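A.B. asks: Turn this into a model:
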Amino acid sequence: MSQTKLHFVKTITTHRRLRRNRIKDWIRRLIREHRLSVDDLILPLFIIDGVGIEEPIPSMPGISRYSIDKALEVVYQAADLNIPAVTPFPNISLELKDEKGSEVTNPDNLICRFTSKVKNLNLNIGIITDAALDPFTNHGHDGILRNGIIVNDESVKQIVKGAVIQAQAGADIIAPSDMMDGRIGAIRKALDANGFQNVGIISYAAKYASAFYGPYRQAIGTEGLLQGDKKTYYIDPANTEDAMREAKLDIEEGADMLMVKPGMPYLDIVWRMKSTFHMPVSVYQVSGEYVMIKNITENRFIDENSAMLESLIAFKRAGADNIFTYFALKAARLLYQEDR
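C.D. replies: Now for the predicted structure:
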């Protein structure tokens, strides 16, 4: 007579069940380590000349260029949602562009007019402006191009003029994205000399030579103008120490906050910058990141709201204090609903 062998699985008991802290929504909320709020969001806006214009941008689904009057309506929406700040980027006519980006020094340029109009509304919202030359040059570079070379010091002088004019128009923070050497110190000195000691500077300390900027360049009208690339002044995507050196120099020159751009491909840089310098760190979720999420969610492969919020909380988890994002209005509305 054969005997059947019985095999018993020994039950392992443990007092450590981490799932207990995940089992209910209210428990998950109680122990959440990082939180995304409207206070973290900065809204980029694309501005064009004219009146009554809202012009969809083909490369950026859901995003438009606005004439100033229409842009002010969006600013009202942002202020009503308690978004802390907006940052305008101009798309100007080709006739106003030249080799030196001279329009950046025009006190009546598109950005200055927008900034003045917003300030006259007396809203509880900040204005962060960019003094880089690329929206104003006929070659699409952030500095002055001469004989195929971006000339650093002459570019800095032009950028400084633009920064002071933007401050005169009412900008609260200057955020130069050009990556020219020495521009933070030069801007700080010029702002102070002109009575703008309270105007802050966000340094684009770690702006990488990324493939993710393409849709933005179409939005500001430089896509077909760019001669060559920007690898001689943006950071190589393979480098981390380079970004740390840039940040250290910009802090010494007077930067009030540091920027990492793009965002998602460089979360390690956000983390290193925050943990190394213990200063406010901004991150820019750039146009290519925005478009990736929009495209995959429009095909219904994933849920847009979930993907958007997950990407934004990733920046907070990495150490970012604030986020420049084209999702700012949508994210703010969702967060407002959650708070209610």
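
A.B. asks: now the longest helix along the chain: how far from the chain's centre is it?
C.D. replies: If you go by DSSP state H, the chain has its longest helix at helix 152-169. Computed by CA atoms, centre = their mean, to the nearest Å, the chain-centroid distance of helix 152-169 equals 20 Å.

A.B. asks: what's it in contact with?
C.D. replies: The set of residues external to helix 152-169 that reach it, using CB atoms under 8 Å, 6 or more residues apart in numbering, is 100-102, 104-107, 109, 111-113, 115-116, 119, 129, 131-133, 142-144, 146, 174, 176, 178, 180-183, 186-187, 190-191, 194, 196, 199, 233. (Glycine included, C-beta is placed from N, CA and C.)

A.B. asks: residue contacts, residue 58?
C.D. replies: residue 218.

A.B. asks: With residue 211 as the reference, measure out to it.
C.D. replies: Distance, residue 58 to residue 211, using CB to CB, to the nearest Å: 19 Å.

A.B. asks: where exactly do the strands run in the stretch 101-250 of the chain?
C.D. replies: 126-129, 144-146, 149-151, 173-174, 200-207 (DSSP state E, counting those that start in this stretch).

A.B. asks: Redo these as TSV? Include mean neighbour count, mean pLDDT and distance to residue 85.
C.D. replies: Putting these into TSV (neighbours: other CB atoms under 10 Å; pLDDT from 0 to 100; distance: least, CB to CB, whole Å) gives the following:
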stretch	mean neighbour count	mean pLDDT	distance to residue 85
strand 126-129	22	98	4
strand 144-146	19	95	29
strand 149-151	15	96	29
strand 173-174	24	98	8
strand 200-207	26	98	10
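
A.B. asks: Do a quick rundown of the helices in the stretch 51-200 of the chain.
C.D. replies: Using DSSP state H, counting those that start in this stretch, the helices of the stretch 51-200 of the chain run over residues 68-80, 110-120, 152-169, 183-193.

A.B. asks: now the second one: how far from the chain's centre is it?
C.D. replies: Spelled out, it's helix 110-120. For helix 110-120, the distance to the chain centre is 20 Å (CA atoms, centre = their mean).

A.B. asks: how big is the angle separating that helix from helix 152-169?
C.D. replies: Relative orientation of helix 110-120 with respect to helix 152-169: 30 degrees, computed using axes from the mean of the first three to the mean of the last three CA atoms, to 10 degrees.

A.B. asks: Numbering from 165 from now on, please.
C.D. replies: Taking 165 as the first residue, the last one we looked at is helix 274-284.

A.B. asks: Now the closest residue in space to residue 366 that isn't next to it in sequence. Its backbone dihedrals?
C.D. replies: Nearest residue to residue 366, sequence neighbours excluded (CB to CB, 6 or more residues apart in numbering): residue 339, at 4.0 Å. The phi/psi pair for residue 339 (degrees, to the nearest 10) reads phi -130, psi 80.

A.B. asks: so residue 339 touches residue 369, yeah?
C.D. replies: No - Residue 339 is beyond contact range of residue 369, at 10.9 Å (criterion: CB atoms under 8 Å).

A.B. asks: ok now do residue 226, which residues does it touch?
C.D. replies: Per CB under 8 Å, 6+ apart, neighbours of residue 226: 458, 490.

A.B. asks: okay, it: pLDDT?
C.D. replies: Residue 226 carries a pLDDT value of 95.

A.B. asks: And it, its phi and psi?
C.D. replies: phi 90, psi 0.

A.B. asks: Compute the distance between it and residue 460, please.
C.D. replies: Look at residue 226 and residue 460: by CB to CB, they are 14 Å apart.

A.B. asks: try residue 491
C.D. replies: As for residue 491, its distance to residue 460 is 14 Å (criterion: CB to CB).

A.B. asks: Between these two, which is the more surrounded one?
C.D. replies: residue 491 (25 against 13; other CB atoms under 10 Å).

A.B. asks: in terms of contact, does that one touch residue 474 like I think?
C.D. replies: No - contact criterion CB under 8 Å: residue 491 and residue 474 do not qualify, at 11.4 Å.
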